[in-house]
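# quick one, fold the following:
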Amino acid sequence: MSMPKIRSLRNQLVLALCVLVSVVGVVQGISSWQLAKAGMSALLDLRLEQAASRLYKSGLAESLPAIPSRGSQPERDIYVTVWRDDIATPYRSTDPALALPRDADPGFTTAMVGGESWRIYTLREPSMVIQVAQRSRVRHELAQARSLDTLWPMIVLVPLVWIAVLLVVRRALRRLTRLGAQVKAIDMTHFEQLSTSGVPTEIRPFITSINTMIGRLEQSIESERKFISDAAHELRTPLTALQLQADNLQPHIAPGNQERFRELQSGIRRSGRLIAQLLRLARADAALKADTLTRVDVSAVVVDAVAEVLPIALQRGIDIGADEMMGAHVYANEADIGVALRNLVSNAIRYTPDGGKVDLSVHVRDGMAWIEVVDSGPGIDEAQLPRVFDRFFRANTQIEGSGLGLSIVQAIANRYGGAVTLRNRTDGQSGIVASIGFAAVP
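Numbering: from 1, shown residues only. Next comes the predicted model:
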């Protein structure tokens, strides 16, 4: 089953309005052209009628040459023939070669004369008949030239109206574009209601519905966050007590059961670490409080994170250090930056084999302070990379972990409007490049 194509509302509006304007323009152009032709034809007819009337009333018909030279008159001019009742041949004529029909009806007629179509006006008076004629071809050319002039404004205006339509639609939908950006920015740490100020009346019910959904989503996320936090707090106390009791009980365990008892202690510690990670995740998802933000020296946080894992790295022969430490500061809660960085470094140490290498660097790019952690581990299957930030996802189940470390890192990055990426190395060596960036401040 094929899915319907989703097209841009702006493009649909622009296309529909442009087509409508074009159709109206074409219809208007054709109408103007036809009216211009009809008007020009009527004007030329009036010219013939006036010429005949003036020739009769002013007596100018008598002044026409009795025997004019043949072919001396321009073909685009009008032709005149005067008849007298007592004379069978034309009394006066501008071109004796043109045999106009003497018996034509009074008024306007169209007749074929000499193999050409002629428009003829016949004025019948008691003493004479005056005929004024013009070639139909010439009339058509004159009408065509004048009527085409009426199309130029339409040809120019239609493209201008297209541009105007595009600008008007773009301006009208600009508010929707801004609303779309606000909706896109909504995540687990930012639940800002959309403003209806300046929004068209027809769209306000839709915005109100989105705001209602945002409110419900915020309540749902807050309930989930509170449940995780409360559950972690409630579980931490009995687990701590269980760990103390196990430590106190260890001297009394029979030698043959020591190995199984150590497995029990290891399970308790893993559960404790999981509870601690759940608490960190709940804090990372919590709303940001402005009074906890300070100007944080990123390099100092990196040094502290390296110092914390250094004993484990030395024990396993892992070379850990910082290659490039550009001075950078961010406006954040220092504890959050430390948690995010320690999770990235701990992951690198965990997945790097003994004798491997972990490099950290700090640099500023495009207004962002970036911290990179590069390890020499096995890397991650490209198909699994999109899922590495999913909660409880573990790329390698053989290595101990809760599957929450990278989720916490992403939650902290989102909390400050930052970004976090994870990719395989492309320098010919195996391993992962983990990067987290925050907006840099002076």
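
# helices of the stretch 151-300 of the chain, residue ranges please.
Taking DSSP state H, counting those that start in this stretch, the helices of the stretch 151-300 of the chain run over residues 151-185, 204-249, 258-285, 298-315.

# nearest to Tyr79, out of these?
helix 151-185 (31.3 Å; Cβ to Cβ). To be clear about C-beta, it is placed using only N, CA and C from the backbone, and glycine gets the same treatment.

# buried sites along the closest one?
Within helix 151-185, the residues scored as buried using 16 or more other Cβ atoms under 10 Å are Leu151, Met154, Val158, Val161, Trp162, Val165, Leu166, Val169, Leu173, Leu176, Leu179.

# packing partners of that helix?
Packing partners of helix 151-185 (3 or more Cβ pairs under 8 Å, 6 or more residues apart in numbering; DSSP states H and E): helix 9-57.

# give the residue farthest from the middle of this structure.
Here the chain reaches farthest from its C-alpha mean at Asp86, the gap being 86.6 Å by Cα atoms, centre = their mean.

# how about low-confidence regions in the stretch 1-150 of the chain?
Residue ranges of the stretch 1-150 of the chain with pLDDT under 70: 1-7, 65-73.

# walk me through the domains of the chain.
11-151, 204-283, 289-441 (automatic domain parsing).

# dump those to CSV, plus distance to Leu194.
Formatted as CSV, the domains of the chain follow (distance: least, Cβ to Cβ, whole Å):
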stretch, distance to Leu194
domain 11-151, 22
domain 204-283, 5
domain 289-441, 18
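
# any idea which of these is most buried?
The highest average neighbour count among the domains of the chain, using mean count of other Cβ atoms under 10 Å, belongs to domain 289-441 at a mean of 17.

# what mean pLDDT does it have?
Mean pLDDT, domain 289-441: 86.

# distance between it and the chain's centre?
The gap between where domain 289-441 is centred and where its chain is centred comes out at 34 Å by Cα atoms, centre = their mean, to the nearest Å.

# same thing with stretch 92-104?
For stretch 92-104, the distance to the chain centre is 73 Å (Cα atoms, centre = their mean).

# what residues are up against Trp33?
Counting by Cβ atoms under 8 Å, 6 or more residues apart in numbering, Trp33 makes contact with Ser147, Leu148, Thr150, Leu151.

# so which of those residues is the closest to Ala313?
Taking Cβ to Cβ as the measure, Ala313 lies nearest Leu151 of the contacts of Trp33, at 81.9 Å.

# that closest one and Gly29 touch, don't they?
Yes. In terms of Cβ atoms under 8 Å, Leu151 counts as a neighbour of Gly29; the distance is 5.2 Å.

# separation between Val113 and Val82?
Val113 is 16 Å from Val82, where distance means Cβ to Cβ, to the nearest Å.

# I meant to write Gly317 there.
126 Å.

# please apply the same query to Phe389.
Distance check for Phe389 against Val82: by Cβ to Cβ, it reads 103 Å.

# next: Arg178.
Plainly put, Arg178 is 81 Å away from Val82 if you go by Cβ to Cβ.

# cool, Glu125 as well?
Noted for Glu125: a distance of 10 Å to Val82, by Cβ to Cβ.

# how would you label the residue farthest from the centre of the chain: helix, strand or coil?
Following DSSP: H, G, I helix; E, B strand; the rest coil, Asp86 is assigned to coil.

# before we move on, what about Gln429?
Applying three-state DSSP: Gln429 is coil.

# I figured it was touching Pro378, is that so?
No. The pair Gln429 and Pro378 fails to qualify as a contact (Cβ under 8 Å) at a distance of 11.0 Å.

# same list (the helices of the stretch 151-300 of the chain) but as CSV, adding distance to Ala335.
As requested, the helices of the stretch 151-300 of the chain are arranged in CSV below (distance: least, Cβ to Cβ, whole Å):
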stretch, distance to Ala335
helix 151-185, 24
helix 204-249, 16
helix 258-285, 9
helix 298-315, 10
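
# list just the one of those that sits closest to Met368.
Minimum separation from Met368 across these (Cβ to Cβ) falls at helix 298-315, 10.9 Å.

# helix or strand next in line after the closest one, which one?
Downstream of helix 298-315, the first helix or strand assigned by DSSP states H and E is strand 319-325.

# list of residues touching the following helix or strand past that next one?
Under the assignment DSSP H and E, the closest C-terminal helix or strand after strand 319-325 is strand 329-332. Strand 329-332 has contacts (Cβ under 8 Å, 6+ apart) with 293-298, 337, 369, 416, 438-442.

# same question for stretch 108-120.
Outside stretch 108-120, the residues that touch it by Cβ under 8 Å, 6+ apart are 44-45, 48-49, 97-101, 104, 121-122, 131-137, 139.

# take those residues and keep only those in strands.
Judged by DSSP state E, strands contain the following of those: Tyr121, Thr122, Gln131, Val132, Ala133, Gln134, Arg135.

# quick one: residues contacting the first one.
This means Tyr121. Going by Cβ under 8 Å, 6+ apart, Tyr121 touches Asp45, Leu48, Glu49, Ala51, Ala52, Gly107, Phe108, Gln131, Val132, Ala133.

# re earlier: closest to Gly256 among the buried residues of helix 151-185?
Leu179 (69.4 Å).

# my guess is that closest one contacts Thr196, does it?
No. The pair Leu179 / Thr196 is not scored as a contact, 9.4 Å apart, by Cβ under 8 Å.

# now for these two: what residues contact both?
Ile207.

# roughly how far does Gln219 sit from Lys226?
Counting by Cβ to Cβ, the gap from Gln219 to Lys226 is 10 Å.

# can you check Arg54 too?
For Arg54, the distance to Lys226 - Cβ to Cβ - is 103 Å.

# same question for Gly367.
Going from Gly367 to Lys226 by Cβ to Cβ gives 35 Å.

# and what of Ser117?
Separation of Ser117 from Lys226 (Cβ to Cβ) stands at 95 Å.

# check Asn414 too.
For Asn414, the distance to Lys226 - Cβ to Cβ - is 19 Å.

# same check, this time on Tyr56
Counting by Cβ to Cβ, the gap from Tyr56 to Lys226 is 108 Å.

# what about stretch 99-108, start to end distance?
End-to-end distance for stretch 99-108, by Cα to Cα, to the nearest Å: 17 Å.

# now that stretch, how far from the centre of its chain.
70 Å.

# so what's the residue lying closest to Arg84 once chain neighbours are set aside up against?
Spatial nearest neighbour of Arg84, chain neighbours left out: Tyr91 (4.3 Å); criterion: Cβ to Cβ, 6 or more residues apart in numbering. Residues in contact with Tyr91 (Cβ under 8 Å, 6+ apart) are Ala66, Val82, Trp83, Arg84, Met128.
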